[in-house]
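Asks: have a look; sequence and predicted model below, questions after that.
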2 protein chains.
Amino acid sequence: MSPRRSYDQYCSAARALDAVGDRWTLLIVRELLAGPRRYTDLHADLPGVSTDVLASRLKDMERDGLTARRRLPPPGAAFVYELTPRGRDLLPVLQALGEWGEGELGEPRPTDAVRAHWFALPLLRALEGEGTVEVSLEEGVFHVFAGARSGPVYGDGPAPGEPDARLVLDSATCAALAHGEGALADAVRGGSATVTGDSPLAKSLRET
Amino acid sequence: MSPRRSYDQYCSAARALDAVGDRWTLLIVRELLAGPRRYTDLHADLPGVSTDVLASRLKDMERDGLTARRRLPPPGAAFVYELTPRGRDLLPVLQALGEWGEGELGEPRPTDAVRAHWFALPLLRALEGEGTVEVSLEEGVFHVFAGARSGPVYGDGPAPGEPDARLVLDSATCAALAHGEGALADAVRGGSATVTGDSPLAKSLRET
DNA sequence: CGGCATCCGTGACGATACTG
DNA sequence: CAGTATCGTCACGGATGCCG
């Protein structure tokens, strides 16, 4: 079960760490920000987590109101885990961590796992406006819902329906995007990125 | 030593958790945001941490560039630990955690430790402008440096020198401040808070 | 006395195997 | 597919000891 080991400090940050400070918990939230996921999918996208720890965390998170367990309607009646609004509110925490962590990211190490939708978190900060953007990296395709107020924040694979903009670039450019001003415009000019679409969002992307 | 257990994921949030995801690490950062502290002071303000874990975390954090160990000039030549700029950049992470954690804070539990300067983190977000504010709670006195770009972000005890504003309130009001609009103005009107000072910062406090 | 290092019991973690 | 069971290992928390 969860932190029966509380810090026992009357401090909101310590209370937050009581709930999400355990190993893997925030990474599970990162996965669920992509929408409802099955146990096996979570396990596949969290290399290194053991089955019992994943099961234990999911129980804790449900008890603490971060996630809900729901049975999918047939066919394919499986269980999925999804974030509650309270759990979704952890997005700023993950963004702050991600922003800080970009300073340590560097090049991928040989031992590093990579998933395309992990680039969604830093990309989200760089996006102004609202709309759906589909992003194609060599590592795979994902999509982000900029400005979404409920439901998934991003997702794996192509966007459901026609996106407001399509982005084709390499992962290095995608990582650089979160950092700088004009990085995308420069990348487009340099040929290492392509923006497709005529929505306001696509236009603003070309100018950023 | 530190996370010899890396998540091994090419993701900036996971990298951040590699560095600061260990138990106690972020709470040590919270303490050091108040300025340089000695080992014994850290141990006193982090009830529950064992001596060896504290020593180990401080070593890890120094190795990872989050903190520096410095010898104080005589008299009283002791070692102090302080944040590097890189470590200070974790402030947004702690603020995001603190903001989220306020939803779980509630009333102090009998087992909870309390330190006055733990209220500085949520208060900082509520402060517009720049300047020094001295805050007096029943639990003690602390001060915050709003808009500080280097050096400590807050501190225990009275402000060094004359603050731009003085605040007298109870901890419940202080906790409520971070949440709402006009909370401080209402508290002043209701008599549960007092603002002293004629600086622009004090004026803006009275109006917020 | 401040600043750790050592020892020890308990619990959390990671890997594998197994079951409904 | 979705976990539970088992087990070895390591991290944590508490106490105590050492050393300047």
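Replies: Great, that's in hand. Numbering: from 1, shown residues only, chains lettered A, B, ... in the order given.
Asks: run through the neighbouring helices and strands of the worst-scoring helix or strand of chain A on mean pLDDT.
Replies: Least confident element among the helices and strands of chain A, by mean pLDDT, DSSP states H and E: helix A:171-179 (a mean of 80). Identification of packing neighbours for helix A:171-179 by 3 or more Cβ pairs under 8 Å, 6 or more residues apart in numbering or on different chains; DSSP states H and E yields helix A:91-105, helix A:120-126, strand A:131-137, helix A:183-190. Heads up, the C-betas are built off the backbone N, CA and C, glycines and all.
Asks: in the second one, what's buried?
Replies: Residues of helix A:120-126 classed as buried by neighbour count (16 or more other Cβ atoms under 10 Å in any protein chain shown): A:120-124, A:126.
Asks: out of those, who's nearest DNA strand C?
Replies: residue A:121 (21.2 Å; Cβ to the nearest atom of the strand).
Asks: what's near enough to touch that closest one?
Replies: Contacts were defined as Cβ atoms under 8 Å, 6 or more residues apart in numbering or on different chains; by that measure residue A:121 touches A:30, A:33, A:94-95, A:98, A:154, B:11-13.
Asks: quick check: it vs residue B:65, distance?
Replies: Residue A:121 is 23 Å from residue B:65, where distance means Cβ to Cβ, to the nearest Å.
Asks: now do the strands in chain A.
Replies: In chain A, the segments counted as strands under DSSP state E are A:37-38, A:67-71, A:79-83, A:131-137, A:140-146, A:154-156, A:165-169, A:193-196.
Asks: can you put these in JSON lines and add mean neighbour count and distance to DNA strand D?
Replies: Converted to JSON lines, the strands of chain A look like this (neighbours: other Cβ atoms under 10 Å in any protein chain shown; distance: least, Cβ to the nearest atom of the strand, whole Å):
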{"stretch": "strand A:37-38", "mean neighbour count": "16", "distance to DNA strand D": "4"}
{"stretch": "strand A:67-71", "mean neighbour count": "15", "distance to DNA strand D": "7"}
{"stretch": "strand A:79-83", "mean neighbour count": "19", "distance to DNA strand D": "4"}
{"stretch": "strand A:131-137", "mean neighbour count": "22", "distance to DNA strand D": "25"}
{"stretch": "strand A:140-146", "mean neighbour count": "22", "distance to DNA strand D": "19"}
{"stretch": "strand A:154-156", "mean neighbour count": "22", "distance to DNA strand D": "15"}
{"stretch": "strand A:165-169", "mean neighbour count": "22", "distance to DNA strand D": "30"}
{"stretch": "strand A:193-196", "mean neighbour count": "18", "distance to DNA strand D": "34"}
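Asks: save these as a markdown table, and put in mean pLDDT too.
Replies: Formatted as a markdown table, the strands of chain A follow (pLDDT from 0 to 100):
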| stretch | mean pLDDT |
| --- | --- |
| strand A:37-38 | 95 |
| strand A:67-71 | 94 |
| strand A:79-83 | 95 |
| strand A:131-137 | 95 |
| strand A:140-146 | 96 |
| strand A:154-156 | 95 |
| strand A:165-169 | 94 |
| strand A:193-196 | 92 |
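Asks: which of these sits closest to DNA strand C?
Replies: Among those, if distance is taken as Cβ to the nearest atom of the strand, the winner is strand A:79-83, at 10.7 Å.
Asks: that closest one packs against which elements?
Replies: helix A:25-32, strand A:37-38, helix A:39-45, strand A:67-71.
Asks: which among the ones you listed is found nearest to chain B?
Replies: Closest to chain B of the helices and strands packed on strand A:79-83, according to Cβ to the nearest Cβ: helix A:25-32, at 6.1 Å.
Asks: the closest one vs chain B: in contact?
Replies: Yes - using Cβ under 8 Å from any Cβ of the partner chain, we find that helix A:25-32 touches chain B at A:26-27, A:30.
Asks: now do that helix, average pLDDT.
Replies: Mean pLDDT, computed over helix A:25-32, is 97.
Asks: any idea how far the nearest residue to residue A:178 once chain neighbours are set aside is from residue A:50?
Replies: In this structure, residue A:178 finds its nearest non-sequential neighbour in residue A:122, 3.5 Å apart by Cβ to Cβ, 6 or more residues apart in numbering or on different chains. Note on residue A:122: its distance to residue A:50, by Cβ to Cβ, is 28 Å.
Asks: before we move on, back to that, for residue A:161, find the nearest of the helices and strands packed on helix A:171-179.
Replies: strand A:131-137 (7.5 Å; Cβ to Cβ).
Asks: what's the closest one packed up against?
Replies: Strand A:131-137 packs on helix A:120-126, strand A:140-146, strand A:165-169, helix A:171-179, helix A:200-207, going by 3+ Cβ pairs under 8 Å, 6+ apart.
Asks: give me that answer again for 6 Å
Replies: When contacts are defined as 3 or more Cβ pairs under 6 Å, 6 or more residues apart in numbering or on different chains; DSSP states H and E, strand A:131-137 sits against strand A:140-146, strand A:165-169.
Asks: what comes into contact with that strand?
Replies: A:116, A:142-146, A:158-159, A:163-168, A:171, A:201 (Cβ atoms under 6 Å, 6 or more residues apart in numbering or on different chains).
Asks: again, only this time at 8 Å
Replies: A:116, A:119-120, A:123, A:127, A:141-147, A:158-159, A:161, A:163-171, A:174, A:199-201, A:205.
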